[in-house]
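# structure of the sequence below:
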Amino acid sequence: MATKTNLHPRNQHREGYDFARLVEQSPELEAFTISNPVGQTTIDFQDVGAVRMLNRALLKSYYNINFWDIPTNYLCPPIPGRVDYIHYLADLLACSNDQKIPRGRNIKALDIGTGASLVYPLTGQSEYGWHFTGVDIDPAALKSAQQICQFNKLKINLRRQNIRENIFRGVIEPHDTFHITLCNPPFHASMEKANKGTQRKWFKLGKEQSSKLNFGGQNDELWCPGGEIKFIASMVEQSMEFADQCLWFSSLVSKKANLQPLYRILRKAKVADFKVVEMAQGQKTSRFIAWTHIKKSQRSLFVNGAKK
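You can find the predicted model right below:
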């Protein structure tokens, strides 16, 4: 297995997929395995069923999730890239904690758009023991997430966002305090653009043209009017109302070209600080943007429990 050196140093998937381990612990995965041109075991990543089974095996083998399933056509996120976000968020929190990664359930994380897969709470709770609250607008996604929690006996708070235009409003309650918020926003501006993006991806990979999404996804997961810039701009605006209730707000940003407009939005909002963290997963480069309204001198107090 070739080392994926671009993944975070603590990412358990840096060595690639250990199919021998995965098949041993999840024998049902073997039916989906194939050999690539150089004889290595892999799966067909265009096969939705194979991707889902791989995720199930990864969550079981590395994150102690014995039951995991999602409804048909819902987003089935790639585990290594998603958990990279969690590891870099841990580093971000360590910056306000004498370079020590804060662990345990006293660290509160808010996952905006947690989805049917519940991937961030599952991996984040396993890696660092943080307490997660997952928010979604889709009742079917929340039902799936609740089922995953019940089967695995996990204590994850799930909240429904009832108003589409709201992100933090209505789900951050007056008594809440969060150390981190995270989000994988819908980054296309329309379904048409989402389909075109998929076709470009298959072309780059040398696959036949297809609008099929190997990782699935519902409309709310893939696109929103204005795309990710407008979505994150709404996050920034609404975050100002909860400035003293959260240490760091964050969101993935799919397109590097979107960073400059977001910088302008954050400067206009007069946030105390913001930063972009680059993440590289294989051939793909990703990133997230994080901002805070808390002054630097107060952040260690926030992490260490002065804010309850």
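# distance from stretch 76-93 to the middle of the chain?
6 Å (CA atoms, centre = their mean, to the nearest Å).
# no, scratch that, I was asking about stretch 127-139
10 Å.
# next, the distance between the ends of that stretch.
Chord length of stretch 127-139, first to last residue, is 27 Å (CA to CA, to the nearest Å).
# list the buried residues in that stretch.
Neighbour-count burial for stretch 127-139, counted by 16 or more other CB atoms under 10 Å, picks out Glu127, Tyr128, Trp130, His131, Phe132, Thr133, Gly134, Val135, Asp136, Ile137, Asp138. C-betas here are computed from N, CA, C, even on glycine.
# mind checking which of these land in helices?
Cross-referencing the buried residues of stretch 127-139 against helices under DSSP state H gives Glu127, Tyr128.
# save the buried residues of stretch 127-139 as a markdown table, and put in distance to Arg160 and pLDDT too.
Putting these into a markdown table (distance: CB to CB, whole Å; pLDDT from 0 to 100) gives the following:
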| residue | distance to Arg160 | pLDDT |
| --- | --- | --- |
| Glu127 | 26 | 98 |
| Tyr128 | 26 | 98 |
| Trp130 | 21 | 98 |
| His131 | 19 | 98 |
| Phe132 | 15 | 98 |
| Thr133 | 12 | 98 |
| Gly134 | 10 | 98 |
| Val135 | 8 | 98 |
| Asp136 | 7 | 96 |
| Ile137 | 7 | 95 |
| Asp138 | 8 | 95 |
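# what's the closest of the buried residues of stretch 127-139 to Gly39?
For these, the minimum distance to Gly39 (CB to CB) is 32.4 Å, reached by Glu127.
# distance of the closest one from Lys268?
In this view, Glu127 and Lys268 are 35 Å apart by CB to CB, to the nearest Å.
# give me the mean pLDDT for stretch 22-33.
The average pLDDT for stretch 22-33 rounds to 98.
# centre of the chain to it, how far?
On CA atoms, centre = their mean, the centre of stretch 22-33 falls 25 Å from that of its chain.
# residues in contact with that stretch?
Stretch 22-33 has contacts (CB atoms under 8 Å, 6 or more residues apart in numbering) with 19, 41-44, 47, 49-50, 53-54, 56-58, 60-61.
# and if you look at stretch 134-146?
In this structure, residues lying in contact with stretch 134-146 by CB under 8 Å, 6+ apart are 69-71, 74, 110-118, 120-121, 156-162, 164, 171, 218, 220.
# can you map out the helices along this protein?
Assigned by DSSP H, the chain shows helices spanning 19-25, 48-63, 79-94, 119-128, 139-152, 191-204, 219-222, 227-239, 259-268, 296-303.
# so for the third one, mean pLDDT?
So that's helix 79-94. Computed over helix 79-94, the average pLDDT equals 96.
# what residues sit buried inside that helix?
Under the neighbour-count criterion of 16+ other CB under 10 Å, helix 79-94 has 79-90, 92-93 buried.
# next, the angle from it to helix 119-128.
60 degrees (axes from the mean of the first three to the mean of the last three CA atoms, to 10 degrees).
# please compute how far helix 79-94 lies from its chain's middle.
Per CA atoms, centre = their mean, the centroid offset for helix 79-94 relative to its chain is 9 Å.
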